[in-house]
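Student: Generate coordinates for the sequence data below:
(2 chains)
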Number of protein chains: 2
Amino acid sequence: MDKAPSQRTRVKRLNKRAKYDAETVHAILDAMPVCFVGYVFKGTPYVTPTLQWREGDHIYWHGSSASRMLETCVDADVCVTVTMIDAMVMARSAFNHSCNYRSVMAMGKARIISDPVEKERRLKTFTEKLFPGRWDILRPVTSKELRATTMLGLSLVEASAKVRSGPPGDDEEDYALPIWAGLIPMRTQILAATADERNLPSLAPPDHVTNFKIG
Amino acid sequence: MDKAPSQRTRVKRLNKRAKYDAETVHAILDAMPVCFVGYVFKGTPYVTPTLQWREGDHIYWHGSSASRMLETCVDADVCVTVTMIDAMVMARSAFNHSCNYRSVMAMGKARIISDPVEKERRLKTFTEKLFPGRWDILRPVTSKELRATTMLGLSLVEASAKVRSGPPGDDEEDYALPIWAGLIPMRTQILAATADERNLPSLAPPDHVTNFKIG
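Tutor: Sure, this is the predicted structure:
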């Protein structure tokens, strides 16, 4: 898809950076579970960080049933944004400094996942996407825990991506200046796992811990 | 300060994780320039990623004067959220999995910085905070560039922090289970800088490039 799916989803600024194809949108969402959920409560915008996961053409997020964010988002307009910063872009003028990034903005009405069977199935998918093989070794979810969990879903019909990559773009005359320009790349680094002090003796970290990666 | 500065700033969920002191709020904002600006446009919430910097008890962000986000935020209620994920918290049940994180949410009305002298001074502070010594080696900012830049500021009077750290918290009876629990720490990793192909010959990266860090 090379056109925005709706007027409010169309990238306004620097629209040469816009991408609307599902492949790009999905790849960004799959790489970075951390998302920022925007919603309106009593006329005021709020932005709450949480983790999202994608299943097909929807993303989901969840939390305590006591969460105001989750309660407020049900059947309400939300905006879920996921962003990875890939590099600082150092130019020869302050004005042309930038970041390389991959970002998705998904808009629409969040719907609640009320069916406990669907809720548990999607929690399993979430867990397995982050930590393959973990669901079946965990103490099983209880119905009380499912009731204490609110899960929301959002269609990706109105999702857009915005991506910047590549070198700085300086004013042509500035390239003659003796100013170091270039990229400072960055990424999410996963460090060595640390075992809980209360683990039973001789429990080794499973592959989904030692091989964990995001970003 | 151990009390929330306003009702809407009070952390509702897991308020044992809440911190309202300036030292904690400032440390998080200073560590992570990437922020997520929430605003309302035609009744719909939007969340736009950008970079913020702090000066005293305000944060600032900026961009193109053509930005709808910036235009919409002027004198409007906004919510600016900054979050670092420090670890995946692996528990013995799916329900008790969590993240360790440091997060700030700042709310209030954004104000525009119109004075070009103030604007340039704050751009310098932004640049110098990220890249000490860079401002003076750059090609100077032009008045046209300043006019093409919109800068917003937000008081931190209504800012709150929420922090989780430490090991997983499992249900007491689950500690007897042979399930690996612990932390998978993560951070923003800065990789080796890459020089622009159009740099003049024998330009070495300055210290603010080779020593750059965030997070």
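Student: hey, let's count contacts and neighbours off CA atoms from now on
Tutor: Noted.
Student: can you give me the mean pLDDT across the longest helix anywhere in chain A?
Tutor: Determined from DSSP state H, the single longest helix within chain A is helix A:116-130. Per-residue pLDDT over helix A:116-130 has a mean of 98.
Student: Now do the following helix or strand past it: distance to the chain's middle.
Tutor: Where DSSP states H and E defines the elements, the next helix or strand beyond helix A:116-130 is helix A:143-147. Between the centre of helix A:143-147 and the centre of its host chain there is 26 Å, according to CA atoms, centre = their mean, to the nearest Å.
Student: and what of stretch A:199-215?
Tutor: The chain centre lies 23 Å from the centre of stretch A:199-215; the measure is CA atoms, centre = their mean.
Student: buried set for that stretch?
Tutor: Neighbour counts over stretch A:199-215 (16 or more other CA atoms under 10 Å in any protein chain shown) mark A:199, A:205-206, A:209, A:212-213, A:215 as buried.
Student: Check pLDDT for those and point me to the minimum.
Tutor: Ranking those by pLDDT, A:Gly215 lands last with 87.
Student: Can you show me the helices along chain A?
Tutor: Here chain A has its helices, by DSSP H, at A:22-31, A:68-73, A:116-130, A:143-147, A:207-210.
Student: buried ones in the second one?
Tutor: Put plainly, it is helix A:68-73. The neighbour-count check on helix A:68-73 (16+ other CA under 10 Å) flags A:69-73 as buried.
Student: close to chain B, is the longest strand seen in chain A?
Tutor: Counting residues, the longest strand in chain A under DSSP state E turns out to be strand A:77-90. Yes. Against chain B, strand A:77-90 shows contacts by CA under 8 Å from any CA of the partner chain at A:77-81, A:83.
Student: Run a quick neighbour tally on A:Ser143.
Tutor: When counting by other CA atoms under 10 Å in any protein chain shown, one arrives at 12 neighbours for A:Ser143.
Student: ok, the closest residue to it other than its chain neighbours - contacts?
Tutor: Nearest residue to A:Ser143 in three dimensions, chain neighbours excluded: A:Pro116, at 7.9 Å (CA to CA, 6 or more residues apart in numbering or on different chains). Listed by CA atoms under 8 Å, 6 or more residues apart in numbering or on different chains, the contact set of A:Pro116 reads A:143, A:146-147.
Student: for A:Tyr46, same thing?
Tutor: A:37-40, B:38-39, B:78-79.
Student: Please repeat the previous calculation with a cut-off of 7 Å.
Tutor: For A:Tyr46, the contacting residues are A:38-40, B:38, B:79, by CA atoms under 7 Å, 6 or more residues apart in numbering or on different chains.
Student: Could I get the pLDDT score of it?
Tutor: 98.
Student: cool, and A:Lys12?
Tutor: 63.
Student: Which residue of chain A lies farthest from its centroid?
Tutor: Distance from the C-alpha centroid of chain A, by CA atoms, centre = their mean, peaks at A:Ala176 (39.7 Å).
Student: Does the worst-scoring helix or strand of chain A on mean pLDDT reach chain B?
Tutor: Of all helical and strand segments in chain A, the minimum by mean pLDDT, DSSP states H and E falls on strand A:18-19, at a mean of 81. No. Strand A:18-19 stays out of contact with chain B when judged by CA under 7 Å from any CA of the partner chain, the minimum separation being 14.0 Å.
Student: Of the buried residues of stretch A:199-215, which pair is most distant in space?
Tutor: A:Asn199 and A:Gly215 (28.3 Å; CA to CA).
Student: Is stretch A:182-198 positioned near chain B?
Tutor: Yes. Residues of stretch A:182-198 are located near chain B by CA under 7 Å from any CA, namely A:182-196, A:198.
Student: Just the buried residues from these, in ChimeraX please.
Tutor: To isolate the buried members of those in ChimeraX, using 16+ other CA under 10 Å:
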select /A:182,183,184,185,186,187,188,190,193,195,196
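Student: Show me the residues of stretch A:182-198 next to chain B that map onto strands.
Tutor: Going by DSSP E, the strands hold A:182-190, A:194-195 from these.
Student: so can I have CSV of these showing pLDDT?
Tutor: Output for those, formatted as CSV (pLDDT from 0 to 100):
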residue, pLDDT
A:Gly182, 98
A:Leu183, 98
A:Ile184, 98
A:Pro185, 98
A:Met186, 98
A:Arg187, 97
A:Thr188, 97
A:Gln189, 97
A:Ile190, 98
A:Thr194, 98
A:Ala195, 98
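Student: Could you work out the most separated pair of these?
Tutor: The span of those, defined through CA to CA, is set by A:Gly182 and A:Ala195 at 39.5 Å.
Student: Next one, pLDDT for A:Asn15 please.
Tutor: A:Asn15 is assigned 70 on the pLDDT scale.
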